[in-house]
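here are the coordinates; sequence isn't available:
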């Protein structure tokens, strides 16, 4: 079992930055690839970014490539999502998730989810 708790969401103006954190407890974090997803009102939950177990590789949705950076520190049991140049369309609830797959980009590949943190970007 892995418990995930996101934090760092909030209200920011377009062009601003936020850093989301995901604190993990339970099993060793290095057992899992870690991903971030987001869900806007009335829309499906979408993949944002994933980082492999030891951080060697990362992948991003095209919509955030070049603006968002995923990182992790297994010793601190924490994963981050640095979000720069935020746009109103980035407004959503952001979730972190853990998966035993190598490079999971689909929600069904993830085994554990956090409760989410709201990010609102004003224009």
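Ah, there it is. Owing to the predicted nature of the structure, the values given are computational and were not obtained by experimental measurement.

wait, what's in contact with the residue positioned nearest the centre of the chain?
The structure's the chain has its C-alpha centroid closest to residue 36; by CA atoms, centre = their mean the separation is 2.4 Å. The neighbours of residue 36, taking CB atoms under 8 Å, 6 or more residues apart in numbering as the test, are 20, 22, 48-50, 70, 79, 81, 94-97. For the C-beta atoms, the positions are set from N, CA and C on the backbone; glycine is no exception.

next one: residue 29
For residue 29, the contacting residues are 2, 72, 74, 77-79, 98, by CB under 8 Å, 6+ apart.

Show me what residue 83 is bridged to.
Using DSSP bridges, the beta-bridge partners of residue 83 come out as residue 18, residue 68.

Nearest to residue 123 among the contacts of residue 29?
Residue 123 has its nearest neighbour among those in residue 79, at 28.7 Å by CB to CB.

where exactly do the strands run in the protein?
Residue ranges of the strands in the chain, as given by DSSP state E, are 2-7, 10-13, 18-26, 33-39, 45-51, 58-60, 68-73, 78-83, 92-99, 112-113, 117-122.

so the first one versus strand 18-26, what angle?
On the basis of axes from the mean of the first three to the mean of the last three CA atoms, to 10 degrees, strand 2-7 is oriented at 160 degrees to strand 18-26.
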